[in-house]
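Novice: this is a predicted model, with the sequence first.
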Amino acid sequence: MSVVEAIAPWEVGLNPAQASAVAHDGGPLLVVAGAGSGKTRTLASRVARLLAEGADPDRLLLLTFSRRAAREMLRRADHLGAPRTSGQVWGGTFHAIANRLLRRHGSAVGLAEGFTILDQADACDLLGVVRAEMGLAERGKRFPKKETLLDIYSRVINSGQHLADTMKEHFPWCAADVDDVARTFSAFVERKRDRNLTDYDDLLLYWRALLTDSPVADLLQSRFDHVLVDEYQDTNVLQADIVAGLAPEGRNLFVVGDDAQAIYGFRAASAANMADFPERFPGCTVVTLDWNYRSTQPILDVANAVLTGARGVFPKELRSARDDLVPGDISPPRLVRVPEEGAQANYVCDRVLEHREQGVALRDQAVLFRTGHHSARLEVELGRRNIPFVKFGGLKFLDAGHVKDLLAFLRLLENPSDEMAWHRVLGMLEGVGRRPPAG
């Protein structure tokens, strides 16, 4: 009589590479997850497995790049058989977890209770105030605007690069102002400290300081039994240092990423963190997920051809797991070069109308673009041709002016020293604000 071993819910449907990653124990693990290879399922299955086998949810940390991703993974873990304690897992973005820890331990690195977090717009405005007070905003004087200053400041913090090197490499048009920029940043940091303010970059700096140079460093280095990190290719130097501080020897460290999908270099993210992972954590295991569950093989053949010419550290050959279509059922992908943006919009509209004539309804056609402003020319052309369309995306809720006005009042209740909240609130009063120029 044969005995059939029971299969846990999180094991069902996993391919061998995914199952290997989910079952891994002990040392550091790097999962190189190709596009569409079931990365989220693998992470969720690992969380479900750890909790089902008795891991303390309060000692399990899941770092993601959006709150939605964290919620989705924990929701999937519940459906994969995890105990309902998954709601107690520390899941969230780097900044959210940093804020949570600093509320408890911030005094160890000099943060007072009740500190306010400036969003990007408020941090930019505060830099503008400091810039003006230092006489660097005078009419006729060429000096970086507040938005540029914030970009420089953030890149320096997140890349760990010296200011002079950062400006020379990424902001060469204002490299001659490096001394004044340095003075502006010093005043900016002092102003935040005096007003009990932090910005998003400060959260990461303070968190790293907690892990490396504070009375609670040992406590926080052993705070979590398991550390899981999503989209590791999009971490910057500061975030990679934090991950290393959370698991100094790589014990139960599980990171997932794809160096071929690293697109956030503009904000100092570096796929080099993936390349350096085996060196930073000697003896690490590398598992590659190369079965693709989204696309058919003809599309993947194109992707593989592109990847062959890329300087990827972890080579992979994507293979389709779909057998519902054979190559003859679909048209091969086409690369079309056009002379300028207007011609691109015309080409897309021509193809939309052509497909409609062939029986493909407009609602069954989609046009993808990288950022919102790329759609402007296409929207004009669609309107000119009377082609109805629906655009998805737009201004974020928290960026809307009336929402920021309300939040400014609430911030003052929490921290009456919040200078930028006062600027916004007082600016709502008639007659309060910058004096208009004479004449």
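Specialist: Structure's in. What do you need?
Novice: okay, and the beta partners of the closest residue to Asp230 other than its chain neighbours?
Specialist: Residue nearest to Asp230 in three dimensions, not counting chain neighbours: Thr64, with 4.5 Å by Cβ to Cβ, 6 or more residues apart in numbering. C-beta coordinates here come from the backbone N, C-alpha and C atoms, glycine included. Taking DSSP bridges as the rule, Thr64 bridges to Thr93.
Novice: so who does Thr64 touch?
Specialist: Neighbouring residues of Thr64 by Cβ atoms under 8 Å, 6 or more residues apart in numbering: 70, 73, 91-93, 230-231.
Novice: can you tell me how far it sits from Ile157?
Specialist: To Ile157, Thr64 is 21 Å away according to Cβ to Cβ, to the nearest Å.
Novice: what of Arg351?
Specialist: On the measure of Cβ to Cβ, Arg351 and Ile157 end up 44 Å apart.
Novice: and those two? Which one has more around it.
Specialist: More crowded of Arg351 and Ile157, by other Cβ atoms under 10 Å: Ile157, with 21 against 14.
Novice: these two touch, right, that one and Leu205?
Specialist: Yes - assessed by Cβ atoms under 8 Å, Ile157 is found in contact with Leu205 at 6.3 Å.
Novice: what touches both of the two?
Specialist: With Cβ under 8 Å, 6+ apart as the test, Ile157 and Leu205 both reach Leu238.
Novice: what is the helix or strand of the chain with the lowest mean pLDDT packed up against?
Specialist: Taking mean pLDDT, DSSP states H and E as the measure, the helix or strand of the chain with the lowest value is helix 297-308, at a mean of 84. Helix 297-308 sits against strand 319-320, with contacts defined as 3 or more Cβ pairs under 8 Å, 6 or more residues apart in numbering; DSSP states H and E.
Novice: convert the C-alpha atoms of the helix or strand just after the strand it packs on to CSV, please.
Specialist: Later in the chain than strand 319-320, the nearest helix or strand by DSSP states H and E is helix 341-357. Output of helix 341-357 as CSV, limited to C-alpha atoms (Å, rounded to 0.1, in the frame of the first residue of the first chain):
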residue,chain,number,x,y,z
GLU,A,341,6.8,61.9,-32.0
GLY,A,342,4.0,63.2,-34.3
ALA,A,343,4.7,60.3,-36.7
GLN,A,344,4.5,57.9,-33.8
ALA,A,345,1.1,59.1,-32.8
ASN,A,346,-0.1,58.9,-36.4
TYR,A,347,1.3,55.3,-36.7
VAL,A,348,-0.5,54.2,-33.6
CYS,A,349,-3.8,55.7,-34.7
ASP,A,350,-3.5,54.1,-38.1
ARG,A,351,-3.0,50.7,-36.5
VAL,A,352,-5.9,51.2,-34.1
LEU,A,353,-8.3,52.0,-37.0
GLU,A,354,-6.8,49.1,-39.1
HIS,A,355,-7.4,46.6,-36.3
ARG,A,356,-11.0,48.0,-35.9
GLU,A,357,-11.6,47.3,-39.6
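Novice: much appreciated, bye for now.
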